[in-house]
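[1] generate coordinates for the sequence data below:
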Amino acid sequence: MATVAVMVEQIGNTASRGNARGFELVMDRPEAKGGTNEGMMGGETLLTGLGGCLMSNLLAAAKARNCSLKNARVDIEGDIADAPSRFSSIRMSVSAECSPSEMLDNLVLIAERGCIAANTLKPAVELSIRVV
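    Numbering: from 1, shown residues only. Model prediction:
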């Protein structure tokens, strides 16, 4: 079994820095929540990671099938529930210029099936992905 490792360290009173394979991401809370607004909140980072994972798989699926993708985009919304605070549902919308155009739906399905983040979250949250 493969393992993915990241490290998160404190860099301020409310901020932290994540590191994976030498790539860094700063996370913080907005000032309205007592932070210094130096980066995304953890929940935003989770949604960004989900979108990045889906996008990576989408681009790989297109390349493997000799499809051209341009202006690919994933828009993500997460509904927050309380007690405990969590995402109760996440909606993802995928858009792209695809050639051949009839392949986009299939490429998104392939990407969804290969997305580690989506596969991890699906048992815990209502997750939907649609092509727009």
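[2] mind giving me the domain split of the protein?
    Residue ranges for the domains of the chain, per automatic domain parsing: 1-39, 42-131.
[3] list the residues that contact residue 114.
    Shown in contact with residue 114 (Cβ atoms under 8 Å, 6 or more residues apart in numbering): 57, 60, 61. Every residue, glycine included, has its C-beta placed from N, CA and C.
[4] circling back: just the domains of the chain: most buried one?
    Mean neighbour count (mean count of other Cβ atoms under 10 Å) peaks for domain 42-131 among the domains of the chain, with a mean of 15.
[5] name the element residue 17 belongs to?
    strand 16-20 (DSSP states H and E).
[6] and if you look at residue 45?
    Here residue 45 is assigned to helix 42-64, by DSSP H and E.
[7] so what strands line up beside the helix or strand just after that helix?
    Of the helices and strands lying after helix 42-64 in sequence (DSSP H and E), the nearest is strand 68-81. Its sheet considered, strand 68-81 pairs with strand 86-99 (antiparallel) by DSSP bridges.
[8] state the mean pLDDT of the helix or strand just after the strand holding residue 17.
    Next along the chain after strand 16-20, taking DSSP H and E as the criterion, comes strand 23-27. Throughout strand 23-27, pLDDT has a mean value of 97.
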